[in-house]
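1. Below is the structure, and that's it, no one-letter string:
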């Protein structure tokens with residue numbers, strides 16, 4: 001917490017709390033930053049610029065850090081693994097599956113970032129009437145994939161809030 005960081009530096013300097021994620025290792029991370037009141041505006045700009053070299057930076061109040069951490073979890077890797085596993089089951093090579101799935105997620109992320117089109121509409125644009133993609137999407141919808149993701153994030157948030165009270 002900012003309070004613990006401030007106590008650790010005993011007033012020698014302002015404190016900044018940062019929550020990164022592992023895609024920062026490839027310059028595509030997502031960072032939440034929280035500044036104590038003593039950080040000058042110019043220093044904030046410098047710090048945000050520094051971290052932006054490793055990905056997207058958001059200044060958030062400390063009260064939103066648990067929600068941020070819960071949302072920006074490793075769920076994507078689980079989804080990627082499931083798709084890769086299905087491809088291998090269908091007889092495609094592991095490396096080819098990994099490359100295809102990684103490219104799919106990268107391309108989809110770029111499309112989502114560059115468009116104001118609702119995500120469900122982007123999904124529907126891929127689903128041809130009577131096609132194979134809509135058949136797979138229907139299975140995910142019946143299984144409640146969106147609800148499972150929401151439940152996962154809310155469980156992580158609850159765990160994080162409980163952890164902070166210890």
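-> On my side now, so go ahead. What you are looking at is a predicted structure, and each value in this text was computed from that prediction instead of being measured.
2. what about residue 38, helix or strand, and which?
-> Here residue 38 is covered by no helix or strand, with elements defined by DSSP states H and E.
3. ok, so what distance separates it from residue 44?
-> As judged by C-beta to C-beta, to the nearest Å, residue 38 and residue 44 stand 11 Å apart. In this view, the C-beta of every residue, glycine as well, is placed from N, C-alpha and C.
4. Repeat that for residue 118.
-> Residue 118 is 33 Å from residue 44, where distance means C-beta to C-beta.
5. Those two: which has the busier surroundings?
-> Ranked by neighbour count (other C-beta atoms under 10 Å), residue 118 and residue 44 place residue 44 first, with 15 against 10.
6. ok, the more buried one - contacts?
-> 35, 59 (C-beta atoms under 8 Å, 6 or more residues apart in numbering).
7. contacting residues around the residue minimising distance to the centre of the chain?
-> Central residue of the chain (C-alpha atoms, centre = their mean): residue 72, 3.2 Å from the mean position. Residues near residue 72 by C-beta under 8 Å, 6+ apart: 21, 30, 32.
8. hey, where'd the strands end up in this protein?
-> Shown for the chain, the strands assigned by DSSP state E span residues 16-19, 29-35, 55-59.
9. quick one, which of those strands is nearest to residue 161?
-> Nearest to residue 161 among the strands of the chain is strand 16-19 (14.5 Å), distances taken as C-beta to C-beta.
10. Need the worst-confidence member of the contacts of residue 72.
-> On pLDDT alone, residue 21 ranks lowest of the contacts of residue 72, at 90.
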